[in-house]
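Give the three-dimensional model of this entry:
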Amino acid sequence: MIESRTDENGVRRPVIAVLDYGSGNIHSAVKAMEAAGGDVHLTRDRGLIREADGLLVPGVGAFSAVMEQLNAVRGPEMIERRLAGGLPVLGICVGMQVLFERGVERGVETEGLGEWPGVVEELRAPVVPHMGWNTVEAGDGSKLFAGLEDERFYFVHSFAAQQWDLEADGPFRNPVVTWAKHGAPFIAAVENGPLSATQFHPEKSGEAGIRLLRNWIQSLPGANL
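Model prediction:
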């Protein structure tokens, strides 16, 4: 286990690796994770990313650019290895979008990580980007949104996944899918075993965003916040 800092009560703070691949919102994400109770490390060190209690994959900008940046630091391999071992990963904004099979932006089609089926496409709305505060419809049994069902979260995006086609096989629990609406419904968050993601920015969503990140940290194996 990685040695980590403790809080004022001497309780170990879970180690959160934030994947450093060039995303523009990294530092605000680091601060939000720290406020939520994590011992946060901005890193691309493969050993730390493999052993951390949780991995955060932030993302802003174009789907294709984020995939190019991730590939440059072998991000997909690190993400896939964690998930293969059942180790928690959280994606934010474009860090969520790239988890789908592909993205289509301005006629450019880019292959994603393929963790979930589906295509990220432009929002079907009179005005894009979707920028500002919006409510969400949390999926049944959501752990991310526990105690936050009536809160608003901050979105900045023009593209999103707008259809969900994955069901669990056998004894596994169905993914929890949370929806929002801007013109038409789109996927605002997913909780799927060790893999979770939000289309909105928790780090820009005030106290509600911090509480959501704390919910995720508290769900990590061995967490005791």
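
Next, the buried residues of stretch 96-113.
Using 16 or more other C-beta atoms under 10 Å as the test for burial, stretch 96-113 gives M96, Q97, V98, L99, F100, E101, R102, G103, E105, T110, G112, L113. Yep, even glycine has a C-beta here, placed from its N, CA and C like the rest.

Likewise for stretch 151-165?
Across stretch 151-165, burial judged by 16+ other C-beta under 10 Å covers E151, R152, F153, Y154, F155, H157, S158, F159, A160, A161, Q162.

Out of the buried residues of stretch 96-113, which one has the lowest pLDDT?
Lowest in pLDDT among those is E105, which has 95.

Flag the shaky bits of this structure, pLDDT-wise.
Within the chain, the stretches with pLDDT under 70 are 1-4, 7-9, 25, 168-172, 224-225.

at 80 instead, please
For the chain, the stretches with pLDDT under 80 are 1-11, 24-25, 167-173, 222-225.

Name the single longest strand found in it.
Scanning the chain for the strand with the most residues, using DSSP state E, yields strand 184-192.

Return the list of strands paired to that strand, each annotated with direction.
Sheet partners assigned to strand 184-192 using DSSP bridges are listed as strand 176-182 (antiparallel), strand 195-198 (antiparallel).

Which of these sits closest to L42?
Among the strands paired with strand 184-192, the nearest to L42 by C-beta to C-beta is strand 195-198 (19.2 Å).

Output the contacting helices and strands for the helix or strand that comes right after the closest one.
Per DSSP states H and E, the first helix or strand lying C-terminal to strand 195-198 is helix 206-218. Contacts defined by 3 or more C-beta pairs under 8 Å, 6 or more residues apart in numbering; DSSP states H and E place helix 206-218 against helix 26-35, strand 152-157.

residues in contact with the shortest one?
With C-beta atoms under 8 Å, 6 or more residues apart in numbering as the contact definition, strand 152-157 has outside contacts at 60, 93-94, 123, 129-136, 180, 182, 188, 198-202, 204-206, 208-209, 212.

circling back to that earlier point, let's have the buried residues of stretch 96-113 in CSV, adding secondary structure.
Below are the buried residues of stretch 96-113 laid out as CSV (DSSP: H, G, I helix; E, B strand; the rest coil):
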residue, secondary structure
M96, helix
Q97, helix
V98, coil
L99, coil
F100, strand
E101, strand
R102, strand
G103, strand
E105, strand
T110, strand
G112, coil
L113, coil
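
and of the residues you listed, the nearest to P175?
Using C-beta to C-beta, these come closest to P175 at L99, 11.5 Å.

these two touch, right, that closest one and L195?
Yes: counting by C-beta atoms under 8 Å, L195 is a contact partner of L99 at 7.0 Å.

sorry, back to before: of the strands paired with strand 184-192, give the one that comes closest to A29.
Short answer: strand 195-198, nearest of these by C-beta to C-beta, at 11.3 Å.

on that earlier part again, between L99 and L195, what contacts are shared?
G91, E115.
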